[in-house]
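In: got a predicted structure here, sequence first:
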Amino acid sequence: MPIAGIYGPNDFPAADPRPATPIGDGTRTGTHPRAMAMPSLEWSDEVERATAHLYERVKSVIPPVEWPFMAPYVKAINELKAARDAVILAHNYQTPDIFHCVADITGDSLQLAIEATKVKASTIVQCGVHFMAETSKILNPDKTVLIPDSRAGCSLAASLTARDVRLLRERFPGVPVVAYVNTSAEVKAEVDICCTSSNALQVVESLNAPTVIFLPDQYLARYVASKTNVKIIAWKGACEVHERFTGDELRAYREADPGVQIIAHPECPPDVLAEADFTGSTAHMIKWVREKHPRRLVMITECSMADNVRAELPDVEMVQPCNLCPHMKRITLSNILESLLYLREEVVVDPEIAEKARRSVERMINLKN
Ligand code: SF4
């Protein structure tokens, strides 16, 4: 059914001033007492030998001429992980050099949230955006969680504040609130349960309520509403990467090659999803490609994911619309190395907020298990 209502900041009395999104400002002051010296980043026979097996994984997407610039960073990062007792968690939208060559755990937001609860290492380096690093910290309060660039935000997380959630609760008393994990810790602390694009429908229906407030992605909300009889009240948030796709664009791909398969992320607008052969989260898209093994494929999502899938399945020909997430792209081999060397930028969440936010995230994870 269509969504029952959609709200945004203009539907409530203005806060003065509207609070800034709680992400970092990238300030890197001071020297950490445990900082280590920068290793050599020269290309050498030793570097070539140490990284040859990793280059095998990415040779279909990284030209040989580029590898000598990346390999010294890859070797240094992998050695430092051991020295720092650290693991690297990388989202599906990270570039192939990070995703295939230095990450220990990869996946979508749900997979990373679940894996974060099982991590034994004392330090987590989150290669993704700020809300993901916050989620890791919320689930691992005693560990050090680092993000290589704390300015890596998200248009969805920036669209909603904790105050917005409180105002919605006042307007719809008793209606349960679901928040996409693409939200700040402060928002997670105000809601009943979190969800990801992998489990949004399951989470909404688990509440056994006739109406649910679903925040902040209006397109994911519309997608969920189209699959359930639960009335959905939505928020006017959107992913700046997925909302740029159009149905016309997908029709043009099909006209160019009627045999092409098109799969899309549910953060896309409805006219895009109507043209797709399959709709699913990044994890579900990857599973679909592994199972169906299409000849030609268009992945309607962030561009790096197609590279990561192409590295794994080089015989699937990708037609690649390259919509990049500027926030995900703030994370690079260079700042991952600096993060491990200088133990920066540490993610800190107020313990009281973290405790409330943890309840919402764990409720989702326990539902999954
Ligand atoms: S791709 Fe979209 S939802 Fe994901 S981090 Fe970037 S802006 Fe946020």
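Out: Received the coordinates, thanks. Numbering: from 1, shown residues only.
In: every contact and neighbour count from this point should use C-alpha atoms.
Out: OK.
In: assess the claim that residue 95 and residue 304 are in contact.
Out: Yes: applying CA atoms under 8 Å, one finds residue 95 in contact with residue 304, separated by 5.4 Å.
In: quick check: residues of the chain near the ligand?
Out: For the chain, the residues in contact with the ligand (CA under 6 Å from any ligand atom) are 129, 154-156, 239-241, 325, 327.
In: how does it look with 5 Å?
Out: Proximity of the chain to the ligand (CA under 5 Å from any ligand atom) is limited to residues 154-155, 239, 325.
In: burial measure for the closest residue to the ligand within the stretch 51-200 of the chain, as a count.
Out: At 3.7 Å from the ligand, residue 154 is the closest residue in the stretch 51-200 of the chain, using CA to the nearest ligand atom. Using other CA atoms under 10 Å, residue 154 has 24 neighbouring residues.
In: quick one, phi psi at it?
Out: phi -170, psi 130 (degrees, to the nearest 10).
In: so it sits against residue 132, correct?
Out: No: if you go by CA under 8 Å, residue 154 and residue 132 don't touch, sitting 10.0 Å apart.
In: what sits in contact with each of those two?
Out: residue 182 (CA atoms under 8 Å, 6 or more residues apart in numbering).
In: quick one on the thing from earlier: so who does the residue of the stretch 51-200 of the chain closest to the ligand touch?
Out: Per CA under 8 Å, 6+ apart, neighbours of residue 154: 129-131, 182, 239, 327.
In: now render those as JSON lines, adding secondary structure and pLDDT.
Out: Conversion of the contacts of residue 154 to JSON lines gives the following (DSSP: H, G, I helix; E, B strand; the rest coil; pLDDT from 0 to 100):
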{"residue": "129", "secondary structure": "coil", "pLDDT": "97"}
{"residue": "130", "secondary structure": "helix", "pLDDT": "96"}
{"residue": "131", "secondary structure": "helix", "pLDDT": "96"}
{"residue": "182", "secondary structure": "coil", "pLDDT": "96"}
{"residue": "239", "secondary structure": "coil", "pLDDT": "97"}
{"residue": "327", "secondary structure": "coil", "pLDDT": "97"}
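In: those: which two are farthest apart?
Out: Spatially, the most separated pair among the contacts of residue 154 is 130 and 239, at 14.7 Å (CA to CA).
In: so for those two, which sits in the more crowded spot?
Out: Neighbours per residue, other CA under 10 Å: of residue 130 and residue 239, the larger number sits with residue 130, 29 against 22.
In: pLDDT at the residue lying closest to residue 180 once chain neighbours are set aside, what is it?
Out: Ranked by CA to CA, 6 or more residues apart in numbering and with sequence neighbours excluded, the top spatial neighbour of residue 180 is residue 195, at 4.8 Å. Model confidence at residue 195, given as pLDDT, is 96.
In: got it, and residue 21?
Out: Reported pLDDT for residue 21: 59.
In: pLDDT below threshold where in this protein?
Out: The chain contains residues with pLDDT under 70 at 15-23, 25-30, 368-369.
In: ok, 80 please
Out: Residues of the chain that meet the criterion pLDDT under 80 lie in 1, 13-31, 320, 368-369.
In: tell me where it has strands.
Out: 5-7, 86-91, 105-107, 123-127, 144-146, 177-180, 193-195, 211-215, 231-235, 261-264, 278-279, 296-300, 317-319 (DSSP state E).
In: in CSV: those, plus distance to residue 248 and mean neighbour count.
Out: Shown next, in CSV, are those (distance: least, CA to CA, whole Å; neighbours: other CA atoms under 10 Å):
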stretch, distance to residue 248, mean neighbour count
strand 5-7, 25, 15
strand 86-91, 29, 24
strand 105-107, 30, 19
strand 123-127, 33, 27
strand 144-146, 41, 25
strand 177-180, 28, 25
strand 193-195, 30, 27
strand 211-215, 27, 26
strand 231-235, 25, 24
strand 261-264, 13, 23
strand 278-279, 17, 20
strand 296-300, 13, 22
strand 317-319, 16, 17
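In: would JSON lines of the ones you listed with distance to residue 57 be doable?
Out: Output for the strands of the chain, formatted as JSON lines (distance: least, CA to CA, whole Å):
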{"stretch": "strand 5-7", "distance to residue 57": "45"}
{"stretch": "strand 86-91", "distance to residue 57": "16"}
{"stretch": "strand 105-107", "distance to residue 57": "15"}
{"stretch": "strand 123-127", "distance to residue 57": "19"}
{"stretch": "strand 144-146", "distance to residue 57": "26"}
{"stretch": "strand 177-180", "distance to residue 57": "32"}
{"stretch": "strand 193-195", "distance to residue 57": "32"}
{"stretch": "strand 211-215", "distance to residue 57": "38"}
{"stretch": "strand 231-235", "distance to residue 57": "41"}
{"stretch": "strand 261-264", "distance to residue 57": "24"}
{"stretch": "strand 278-279", "distance to residue 57": "27"}
{"stretch": "strand 296-300", "distance to residue 57": "20"}
{"stretch": "strand 317-319", "distance to residue 57": "17"}
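In: just to revisit the earlier point, just the closest of the contacts of residue 154 to residue 254, please.
Out: residue 239 (24.4 Å).
In: quick check: the residue of the stretch 51-200 of the chain closest to the ligand vs residue 263, distance?
Out: From residue 154 across to residue 263, the span is 22 Å (CA to CA, to the nearest Å).
In: before we move on, what about residue 148?
Out: 31 Å.
In: and residue 337, how many neighbours?
Out: 22.
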